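Undergrad: got a sequence here, can you model it:
(chains A and B)
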Amino acid sequence: MFNQFPTPPLAGIRVLSMEQAVALPVGTRHLADMGAEVIRVQSHSRGAGPVTEIDLTRNKRQLALDLSVLGAAEAFLRVAAKCDVVAHNFTPRVVRKFGIDYPAVREVNPSVIYVSLTGFGTTGPWGERPLFGPGAEAVSGHNMLIGEPDGWPGRPGTIVYADTICGLNTVFAVIAALDERDRTGRGQHIDISLYETSVAQLGPVLAEAQLGAVPARVGNADANYAVHGVFDCAGVDRHVAIAASNEQAAAVAGTFNLPLPLDARTLSDALRQIPAEQAVVRLQEAGVPAHVVADASDVVTDAHLWERGYFGTVERTGDFAEGLYPHAGPGWGGGPAVPMEQSRPVGRDSMDVLTTLGGYRASEVAELIRSGATSTGPEEDVHAPMYGSPDMKVRIDRGELSRADADPSGWRQFSNAGRDS
Amino acid sequence: MSGPRPRALDLSTGVAGAYASRLLADVGWDVAKVEPEGGDPTRRLASRWGQGVGGAFAFANSNKRSVRLAPDDLLRLARAAEVVVGDFSPAGLAAAELPPDTLGELQPRLAVTSISAFGVTGPKAGWAATELIEQAASGLMFLTGEYDQPPMQLPPYQGALAAGVVGASATLLAVRCSRNDGRLYHRDVSIVEAMTVQTTAQMSDYVYRGAVARREARVKGGLRMVPASDRFVYCAPGAVSSMRMDGVAILLDEPRLAEERFQTAEGRMQNFDEFVEIFVPPFRNRTAQEWFERAEAMHMTFALVQSIDDLFQCPQLESRQLLRRVPVEGKGELRFPGRPYRIEPDPGLAVLPPPATPGQHTQEVLAEWLGAEIGATK
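TA: Got it, this is the predicted structure:
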């Protein structure tokens, strides 16, 4: 019933993205996964990024430009003239300075879809302020709602939650703009920000606050349920989440042979003796919403996700991790649309992009390389290890990790399942 | 938008599908929301904190018209629509009071998008779920909370709203394909998967290195949000693992923070109690706003830690008009986010209030969408 796209839905769409950090690279990665040709622009003078960028640069072509060097901005505009979407995540002042703001790009490409992804939006009293994802989570109200009532504010756990949410919203904005352009022939300027997309994620809470709710930190509680929480289970850092309505409380008690009315402490004591997976199976059999609080190893070995084709695989060569590895998209209702290609070194495609799209002769590109405006990059990309130390014991001692598995290849048993393999 | 507005029929009764179709309405689609006999259960949904009944409904269903339909009219309206959005999992169909074979019966012009907790295929398709369960299954909750405590839920509706964005995007991708080849597309969006994608860095850390990332250690946590004289301020002067303290030492006028042992994560960890004793108290001397401005002058990226109340007063949101003013029947005017980004040139689309009663617009939608058909059969 649910079909794969026979051809990638964004095939034929070309995106030029001057991108750093996480939000915009995540957004354009999603576009690339759906078949868009994404040309990532980054400065060669900045050097290779950390290993986390493997996730952000897969399936992208690499154009190196140092916009502070004469000729680079012109090169950007000449390529931008041949693209459907042009995106950046600079502050408004910087794109004006380099001469690549919306009016400048629209002049060479009248129907362009131009994306400014900023901290607070390109206008308004905070419009020129820089902002990073973790700060966006704080200023947008998320942190004040995470944690125990008597504790300090918490934060969404990935470090980049505001970024990845903004990336998803950017995908919607771009696809909606393409749809609009197909019907009207007109382009547009999408002015999207970390702050506003994070505030939008609290939209229902804002409405509820005006109807009598008092949003606050309440731990894992929810007033709509009789049992609503996260419970320690057998093992190290293993937990189960349970959300049972008043009607379901008896089923929870029955599942673990506990007396009614169900007492939170008695339930906690019972669950502490049981493996989380077992508790979940028994609760789900009784119709009670429950799930293991999944860690990264649970997620990548989830038979359900593999069977649904949520994961694709990418063949990696060259640096610290050789071989076949899984990757995930958001599941646009049916798995990735294109075969995955691992990330390429900064500048690897400069010559090709500048000659075929920019209309430069090879000798002119050579001149741009000599002046430092562009670069064809290093032969091999050199990535710093993810999150600093490669030593797992150090990371465990720091409290960064729950554990380190010597063999993390358990997902391979599932990798032949799934509809995209 | 020129030409006829494309139409979406929204069968969903949760927040995820409702938000997906609202996003379509926000970019100019004509959206009819089908409500079951007793009305969308979201109308009766209270907040996590109790109270606030109907807030989520108002947010996710503004800009739509509500219809109540006999089964035949449902299929006829679907045929008159470009897309249908709904939750076609067993639980979703039950909540919407729709028969199990509904999916196979619907024949809109371009696409059908299902948005459900685990998706409608796979071994967990029939599992019971709530927002808490979706957050737990996604891998995001395991990373959230205090380092020495069990994982902590995020704010409410995070999975539902992320899935709404994914669902709206998936729908438009299907529309794009269908306009090319004329086929009817079916998309199967999962709320869990829309949240799991937020953790791809941690998944990579595991598959490449075997690292099972967990909630932040206190050496980092202590550096995130600190109480100023009036409220918390977010203080992260740089990338956390490599963060130095010498700038903060100047900002706080606390030279001891410039000592070498506080310049690395390891050093702060080894001297954690002493570090906290030196680092935290000076923040009490000024307001969060004052620290934010002083840090900004020194090119350190602090942030205000705003509450929901603060958002209603925020000059940036006001200037950007992010918060839409929507009259809600019996509840006065509410302010909540509209389309989460700005478009230039602004299409200046009108915004409808959330439908006051189930089926409020049944007759006008039937007449508009089926007008030609009704005329032809007479």
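
Undergrad: any stretches of the chain with poor pLDDT?
TA: Went with chain A since none was named. Along chain A, segments meeting pLDDT under 70 span A:1-3, A:46-53, A:318-320, A:334-337, A:379-389, A:416-421.

Undergrad: that's the wrong chain, I wanted chain B
TA: Those would be B:1-3, B:217-223, B:237-243, B:372-378, if you go by pLDDT under 70 across chain B.

Undergrad: what about the strands in it?
TA: Here chain B has its strands, by DSSP state E, at B:7-10, B:30-34, B:65-67, B:83-86, B:111-116, B:185-190, B:211-213, B:225-227, B:232-235, B:302-304, B:323-328, B:332-337, B:342-344.

Undergrad: would you list those strands in TSV and tack on mean neighbour count and distance to chain A?
TA: For glycine as for every other residue, the C-beta is placed from the backbone atoms N, C-alpha and C. Below are these laid out as TSV (neighbours: other CB atoms under 10 Å in any protein chain shown; distance: least, CB to the nearest CB, whole Å):
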stretch	mean neighbour count	distance to chain A
strand B:7-10	27	12
strand B:30-34	26	14
strand B:65-67	22	17
strand B:83-86	30	11
strand B:111-116	30	6
strand B:185-190	28	3
strand B:211-213	25	4
strand B:225-227	21	5
strand B:232-235	25	4
strand B:302-304	24	3
strand B:323-328	17	7
strand B:332-337	18	4
strand B:342-344	19	4
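
Undergrad: including distance to B:G145, could those go into TSV?
TA: Output for the strands of chain B, formatted as TSV (distance: least, CB to CB, whole Å):
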stretch	distance to B:G145
strand B:7-10	35
strand B:30-34	36
strand B:65-67	39
strand B:83-86	33
strand B:111-116	27
strand B:185-190	24
strand B:211-213	13
strand B:225-227	14
strand B:232-235	17
strand B:302-304	20
strand B:323-328	29
strand B:332-337	26
strand B:342-344	34
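
Undergrad: what about residue 261, how many neighbours?
TA: Using chain A. If you count neighbours by other CB atoms under 10 Å in any protein chain shown, A:P261 ends up with 9.

Undergrad: chain B, not that one
TA: Residues within reach of B:R261, counting by other CB under 10 Å, total 14.

Undergrad: again with B:L75
TA: B:L75 has 15 neighbours, counted by other CB under 10 Å.

Undergrad: ok so A:D191 is a strand residue?
TA: Yes. According to DSSP: H, G, I helix; E, B strand; the rest coil, A:D191 belongs to a strand.

Undergrad: surely it touches B:R342?
TA: Yes. A:D191 lies in contact with B:R342 (CB atoms under 8 Å); the separation is 4.2 Å.

Undergrad: check the gap between the spatially most central residue of chain B and B:K331 for me.
TA: By CA atoms, centre = their mean, the mean C-alpha position of chain B lies nearest to B:L161, the distance being 2.7 Å. With the distance defined as CB to CB, to the nearest Å, B:L161 ends up 21 Å from B:K331.

Undergrad: likewise for A:W306?
TA: Counting by CB to CB, the gap from A:W306 to B:K331 is 46 Å.
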